[in-house]
Structures are given as structure tokens and as C-alpha cells.
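Peer 1: Got a sequence here, can you build the structure:
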Amino acid sequence: MDETKNTPQTEEVLEETAAEATAEEAVEEIDPVEEVKAQLAAEHDNYLRLAAEYDNFRKRTQRERESLYTDAKADTIGKFLPVYDNLQRALAQETADEAYKKGVEMTMTGLMSIMEALGVKSFGEAGEVFDPNLHNAVMHKDDDALGESVICEVFQTGFKVGEKVIRHAMVVVAN
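Peer 2: Residues are numbered from 1 along each chain as shown. Down below sits the predicted model:
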């Protein structure tokens, strides 16, 4: 009797197991395709991220290379600026020896032509508008003839390469 009662239950269990197996087989048939699609999407996403990362790396190294060249050029020019200042002072002095004056002028002209060829620009002329990013105001002067924040005197000329300031101009600013 226990066998007959167990038989219908056993059959129900077998039917449920068979139904589950059929459902699992159906899921297993769909899962490999979906799984491959998901893997492909993940690999494509990884590929796109890697390509973007490489592009950013390439652009960053290009900017660093250009910046390194500009920085090296600015440092080198900065070392020559005391020579420029000395030549400016020599040109400002009166001398009776015309050959000496001509030699100093030629030296200054040569130095300026080299600096121009390297892309160095001077700034800080009287009459320019004061810019704290470019100029260093060492004095203020009350002058009604000049406008507000106008440079009225230059103690030391400023220089820059591109947008990089090598030396700020030392100026007197009118208030």
C-alpha cells in the first residue's frame, strides 16, 4: 500500500523534475547566446575605453613635450637676460668712443634678433595698461595726464615666450 501511495507522488515529482529540466534546457539554449552577447558588449566597452585612454595619453604627452621645449627655452633665455640688462645700461651711458658705442649696439641687435627668432617678445612699455599677470608694479605715481592703471615708467623690460612669462616687467603705475 505504501508503494501505491508513493507512486502517484513519485510520478508528480518526476513530472515536476522533467518540467524543470525542460525549462532549464530552454534557458540553457538562450543563455549561451545572451552570454556571448554580454561578453562581446563588455569587450567592446573595454576596447572603447582603452582607445580613449590611449588617445588621452597621446594628447597629454604631446602637450608635455611642447611644454618641456617651451620651459627649456624660457630657462635658457632667462639666463641671458642679465646680459640684455647690461647692454641696455651700456647703451644708456654717454660715451665719446663711437666705435665702442657701435660695438655695443651691434651686440644688442644680435641678441635681439636671436631672441626674436626664438619667439621671445618683450613687453612693459610706457603707456601700456598695467596687467598684474605681466607687470610687477614697484611704485605708484599720481599723474592726472595718464589714465588709471597706466604704466608711466619702466625699470626693467619683461619677456615672454608664447604665453609663458620669462620675466615680469618692473614698472611704475599711474593712479
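
Peer 1: Which element, helix or strand, includes the residue nearest the centre of the chain?
Peer 2: In the chain, the centroid-proximal residue (Cα atoms, centre = their mean) is residue 63; its distance is 6.2 Å. Here residue 63 sits within helix 2-92, counting by DSSP states H and E.

Peer 1: And the average pLDDT for whichever helix or strand comes after that helix is what?
Peer 2: Downstream of helix 2-92, the first helix or strand assigned by DSSP H and E is helix 98-117. Mean per-residue pLDDT for helix 98-117: 95.

Peer 1: Distance from the chain centre to helix 98-117, please.
Peer 2: The chain centroid and the centroid of helix 98-117 are separated by 35 Å, computed with Cα atoms, centre = their mean, to the nearest Å.

Peer 1: Look up phi and psi at residue 128.
Peer 2: When read as degrees, to the nearest 10, the backbone of residue 128 gives phi -70, psi 160.

Peer 1: what number of residues lie near it?
Peer 2: Look at residue 128: counted by other Cβ atoms under 10 Å, it has 16 neighbours. Heads up, the C-betas are built off the backbone N, CA and C, glycines and all.

Peer 1: Does the residue lying closest to it once chain neighbours are set aside belong to a helix, a strand or coil?
Peer 2: Leaving out its chain neighbours, the residue that sits closest to residue 128 by Cβ to Cβ, 6 or more residues apart in numbering is residue 151, at 5.0 Å. Three-state assignment for residue 151 (DSSP: H, G, I helix; E, B strand; the rest coil): strand.

Peer 1: Start the count at 41 instead of 1 going forward.
Peer 2: Okay, using 41 as the starting number, the last item reads as residue 191.

Peer 1: Mind listing the residues bridging to residue 191?
Peer 2: Beta-bridge pairing of residue 191 under DSSP bridges involves residue 213.

Peer 1: Kindly state the pLDDT recorded for it?
Peer 2: 93.

Peer 1: Need the pLDDT of residue 97.
Peer 2: The per-residue pLDDT reported for residue 97 equals 97.

Peer 1: number of nearby residues for it?
Peer 2: Residue 97: 10 neighbours (other Cβ under 10 Å).
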